[in-house]
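Student: okay, predicted coordinates and the sequence, questions at the end:
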Amino acid sequence: MIPIILISAVVALAVSSSVRALPSNPDLVAQLKTASTLVDRLKLLEDSDLLFNFLEPPSTRISPPSIGNGIAMTIGFLGPCGMNTPHTHPRATEINFSINTTLRAGLLVENGARFIDIEIAPGSATVFPQGAIHFEMNPSCEPAMFVAGFNHEDPGSSKSHSAVNFGLPPNIVGATLGGLGVVEVADLESKIPDNIAFGAEECLARCGITRTNQPTLQRQPRVSGNAFPEGAAPSPTVTVTETVTAAMEYTTVYAPSPSQSHY
């Protein structure tokens, strides 16, 4: 297995484990947001705060220098056949630049719009408009790397297949899917992998990769309004955590292997 760092507000390899962290100094974040001028913001920062190490990211959610500047950035490493499943950024437009391999990307901006299926060759970039559903997949048998920029310091990420749809009340989800029962909805939800997932079967077969069980715990919180009836929801079997930093999430991930699970 090859350890790889994924730094991103979204982004993907085949499988992952991660840990969500709150800002280590929320008071500083609040002060930076309310500072009257850039000079006042800089007075609150040390010189070292102005640097961000993507290979050894800190545990804070928001990088102090980005506050008030409306920018964020991610660097992603995708393993062979790794995919960042369909998602949106509710507060930002993304520009995605492929570094070393050709990525497959898909884009759907709204109801009635045509689906756009494109290839991002090395040295090329594409734009995902704010709120548009999109995905990235590495269709090669080699690791891929990309850089994404955002025009908001906290772009956010919403997984359209699980966080949005399956975070609704189960009876509403079932009705939307043609009248499925809540037990069937629970069964479907339990099989949907987190945003970091194995990609298309054709790629897996070509690269000699066997699809293994994948984490399925990046779900919307269940409260009284959207809870499954007692006995309907399956018990979780995999522990998955997530770390967020500077409007950039990072996870430790592993290049997929035909014979091993990677959590």
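Tutor: Looks like it arrived, so ask away. Residues are numbered from 1 along each chain as shown.

Student: what are the ranges of the helices in the stretch 1-150 of the chain?
Tutor: Assigned by DSSP state H, counting those that start in this stretch, the helices in the stretch 1-150 of the chain fall at 26-34, 38-43.

Student: among these, which gets the worst mean confidence?
Tutor: Comparing the helices of the stretch 1-150 of the chain by mean pLDDT, the weakest confidence falls on helix 26-34, with a mean of 88.

Student: N213 is nearest to which of the helices of the stretch 1-150 of the chain?
Tutor: Among the helices of the stretch 1-150 of the chain, the nearest to N213 by Cβ to Cβ is helix 26-34 (36.3 Å). For the C-beta atoms, the positions are set from N, CA and C on the backbone; glycine is no exception.

Student: by contact count, what packs against the closest one?
Tutor: Of the remaining helices and strands, none touches helix 26-34 by 3 or more Cβ pairs under 8 Å, 6 or more residues apart in numbering; DSSP states H and E.

Student: how about it: buried residues?
Tutor: By neighbour count with 16 or more other Cβ atoms under 10 Å, helix 26-34 contains the buried residues L28, V29, Q31, L32.

Student: circling back to that earlier point, will you turn the helices of the stretch 1-150 of the chain into a markdown table that also has distance to N138?
Tutor: Formatted as a markdown table, the helices of the stretch 1-150 of the chain follow (distance: least, Cβ to Cβ, whole Å):
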| stretch | distance to N138 |
| --- | --- |
| helix 26-34 | 34 |
| helix 38-43 | 38 |
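
Student: mind checking these for the one nearest to E230?
Tutor: helix 26-34 (36.6 Å).
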